[in-house]
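S.K.: Mind looking at a prediction? Sequence and model below.
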Amino acid sequence: MNVIFLLLTASTLVATVFLVAFIRAVRSGQYDDDRSPAVRMLHDPAPSRNIPTPDTPSEHVRANH
Amino acid sequence: MIERFQYDNRIVKNFMFATILWGVVGMLVGLTAALQMIVPDLNMASWFSFGRLRPLHTNAVIFAFVGNAIFAGGYYSLQRLLKTRMFSNALSAIHFWGWQLIIVAAAVTLPLGMTTGKEYAELEWPIDIAITLIWVVFGVNMFGTILKRRERHLYVAIWFFIGTWVTVAMLHIVNSIELPISLTKSYSWYAGVQDALVQWWYGHNAVAFFLTTPFLGLMYYFLPKAANRPIYSYKLSVIHFWSLIFLYIWAGPHHLLYSSLPNWAQSLGVVFSIMLIAPSWGGMLNGLLTLRGAWDRVREDPILKFFVVAVTCYGMATLEGPLLSLKSINAIAHFTDWIVAHVHIGGLGWNGLLTFGMIYWLVPRLYGTQLHSKRLANIHFWSATLGIIFYAVPLYFAGFFQSLMWKQFTPDGFLVYPNFLDTLLEIRSAYWLRAFGGTIYLIGALIMVYNVYRTVRAGRLVANEDAEAPAMEKLVVAKESGHWHRWVESRPIQMLIISLIVVGVGGILELIPTFLVKSNVPTISSVKPYTPLELHGRDIYVREGCYTCHSQMVRPFRSETERYGEYAKAGEFVYDHPFQWGSKRTGPDLLRVGGKYPDSWHYYHMLDPTTMSPGSLMPAYSHLFENSLDTSTTRAKIDAMITMGVPYDPEFPGVANVALTEQREALTASLHKDGIETYSDREIIALIAYLQRIGTDIKVKPLAETGPTR
């Protein structure tokens, strides 16, 4: 029966570490950049019309190597 | 350096069309099952009966409709968020065709009665293995894409996909551990209470990590895209993700309140369910507030309408869920249509509408054209929304009132509705309205099919979409500015491991104790293993999907012990592979049905239920009277049970069929005494043997001689 308490303590400890680490992360304001990812995902720029040069091979070409 | 590459739109298109196809099929099967509940004659064949079609419906809408929607939206957003093509075209194709083959296999085997008898995990072991393999293919393809990405930051949607992949893999494997006795039949490795705990740990988290987290990923991508505005709070989305995967995994036991599960496990489930309100509503508000200042566009744009109602339904379902896990509310709602209404707010509302909005957004972009008709999309929106209302509201009433009828006592202490059937017939009109709501919803989906067809005809598939992005610069590790979460974001593999730990902690805490601690299951000396005939009968019970309408779990309420008999004890189920507690009572509980009626009653009842219960809505099971029992598997079945620790005599498998023959001859003789002439080799004999055995091992006292109580 004691194994319940062992597991309960061990597991809750690990879980608490995650929780505390997370709260500390939020409170210490370390999310310097918590805006730009949300804005950047909106931009899927259309490719420029330039013909690809050998310096900028397309993925297919590279895949053949 | 700017690199040029191409997005794979063909795989997105394939998954999207599969979503539409299986969506319509799944809804059609659902509507059929809904009608079968009111018109028993619609149960036209063994493979076309409610007990077999209901698992087909749930599997089709969850794994085929929602599953393909996850993959379509996931493959589209992953490529763009990571600025790269999918890792491997071959793996994408294997993933797609493998998943469709699994669906086809499910659509064939479930109506044929090949089932494990565990809800939402009914598929038999070869298909389980196929699911595992295809899931690994999906994982390799996704993590491969993440590894070769051109964007350092992992957008929040990707975390949701990662969390989904990890957890579903773990859930599926743990819950599917079963012992095969043939290609089409296996037994759950777990028995009774343990099987129930594993199953609802899986069942709850299938809702969490198949219907919720991946769709939150889709919401975080497609809602900002459709609104062309960044998500309301990116910070909140980060908190939302971590707290959600952290809390969800612990809430499973709320499906087993007042059951024979140890009480501490039930209470643990309740606590975490209540805590879930916070992250769930954080996600909902984050989605809705994204539209702040843009509500005028919601009036114009059908896609945003779909998203707004979808996210609102998510909010409603995730408030209702925790409330339903409060014991006092659960005592009323459990086993009733209230739960059915609840899951359809989630399924039709959250998953369905989000998928529809996503499809309307994707099709014109994949085909380089405009949506054929905005007006038809609007009509679809309204028919879907009205369909949900017509579906859910009547069932809320039905569930609530039927439960009150079950619990109502007369002033002198008798059940007001001693006959279960009376309470069912009272709510039949709600069942009709539900079928009506489902029909409107399905019509809306068909309008979408037409709209998509016309759009596709007008455009041309952009199979490979050109894109360019700068190559990802080598990361210069700057320790001082580093932060653990930033560190995690840029390291998908480490992130995978952390997710596993977070999720695993919950799982271990919940599961290990019942495995290890024998004292959780007090062994009752009078509980004996099933006889071979009863075991066969039990397998028929599982095969016909009896558990979809009948529970085997008498809760410790006076209203239930009066109606059914002694409440259920954990120790009664130690030989039940799988457990058959059920989750819905369209018919009465069967835990104490053993010995309640004569054998002949069951014989006539299974042949035509209305002869024994006039007005019964149960299907007739005439094929059980025609099929003869396959006794060639008896030995394999008993051997399997012995392997799993059921204490049969080691010599018993060899002589099991002798015992079987003895018992069925005796049963046939008993039927003969009541004037029934039948062959002793028919399946019905085995089923009657099982029904007469259920719950009799610990029958405390014969039921009061006050006449029929159900």
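M.R.: Happy to help now that I have it. Everything quoted here is computed from the prediction, not taken from an experiment.
S.K.: Please, which helix or strand holds the spatially closest residue to residue B:218 that is not a sequence neighbour?
M.R.: Leaving out its chain neighbours, the residue that sits closest to residue B:218 by C-beta to C-beta, 6 or more residues apart in numbering or on different chains is residue B:73, at 4.3 Å. Every C-beta, even on glycine, is put in place using the N, C-alpha and C of the backbone. Per DSSP states H and E: residue B:73 is located in helix B:67-82.
S.K.: before we move on, back to that, residue contacts, the residue nearest to residue B:218?
M.R.: B:217, B:218, B:221, B:222, B:358, B:362 (C-beta atoms under 8 Å, 6 or more residues apart in numbering or on different chains).
S.K.: again, only using 10 Å
M.R.: B:12, B:15-16, B:19, B:157, B:161, B:214-215, B:217-219, B:221-222, B:354-355, B:358-359, B:361-362 (C-beta atoms under 10 Å, 6 or more residues apart in numbering or on different chains).
S.K.: ditto for residue A:40
M.R.: Contacts of residue A:40 (C-beta under 10 Å, 6+ apart): A:33, B:81, B:151, B:153, B:155, B:230.
S.K.: same check, this time on residue B:97
M.R.: B:14, B:134.
S.K.: quick one: buried residues of the helix or strand hosting it?
M.R.: Residue B:97 is located in helix B:89-109, with elements delineated by DSSP H and E. Buried residues in helix B:89-109, counted by 16 or more other C-beta atoms under 10 Å in any protein chain shown: B:91-92, B:94-96, B:98-100, B:102-103, B:105-107, B:109.
S.K.: quick revisit: quick one: mean pLDDT over the helix holding residue B:73.
M.R.: The average pLDDT for helix B:67-82 rounds to 96.
S.K.: Kindly calculate the angle that that helix makes with helix B:89-109.
M.R.: Counting by axes from the mean of the first three to the mean of the last three C-alpha atoms, to 10 degrees, helix B:67-82 points 160 degrees away from the direction of helix B:89-109.
S.K.: Pull the distance from helix B:67-82 to the chain's centre.
M.R.: Relative to its chain's centre, helix B:67-82 lies at 23 Å (C-alpha atoms, centre = their mean, to the nearest Å).
S.K.: cool, stretch B:89-98 as well?
M.R.: With C-alpha atoms, centre = their mean, you get 25 Å for stretch B:89-98.
S.K.: Likewise for stretch B:48-56?
M.R.: Its chain's C-alpha centre and that of stretch B:48-56 lie 14 Å apart, by C-alpha atoms, centre = their mean.
S.K.: Tell me which residues of that stretch come out buried.
M.R.: Applying 16+ other C-beta under 10 Å to stretch B:48-56 flags B:49, B:50, B:51, B:52, B:53, B:54, B:55, B:56 as buried.
S.K.: What is the nearest of these to chain A?
M.R.: Closest approach between those and chain A, by C-beta to the nearest C-beta: residue B:55, at 33.7 Å.
S.K.: Please tell me I have it right and the closest one contacts residue B:112.
M.R.: No - if you go by C-beta atoms under 10 Å, residue B:55 and residue B:112 don't touch, sitting 11.5 Å apart.
S.K.: hmm, back to that, out of the contacts of residue A:40, which sit inside helices?
M.R.: Per DSSP state H, helices hold the following members of the contacts of residue A:40: residue B:81.
S.K.: Can you redo the contacts of residue A:40 as TSV, where the extra columns are neighbour count and distance to residue B:249?
M.R.: Putting these into TSV (neighbours: other C-beta atoms under 10 Å in any protein chain shown; distance: C-beta to C-beta, whole Å) gives the following:
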residue	neighbour count	distance to residue B:249
A:33	11	29
B:81	26	26
B:151	19	29
B:153	17	26
B:155	25	23
B:230	17	30
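S.K.: and the contacts of residue A:40 as TSV, adding distance to residue B:640?
M.R.: Formatted as TSV, the contacts of residue A:40 follow (distance: C-beta to C-beta, whole Å):
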residue	distance to residue B:640
A:33	57
B:81	47
B:151	51
B:153	51
B:155	48
B:230	56
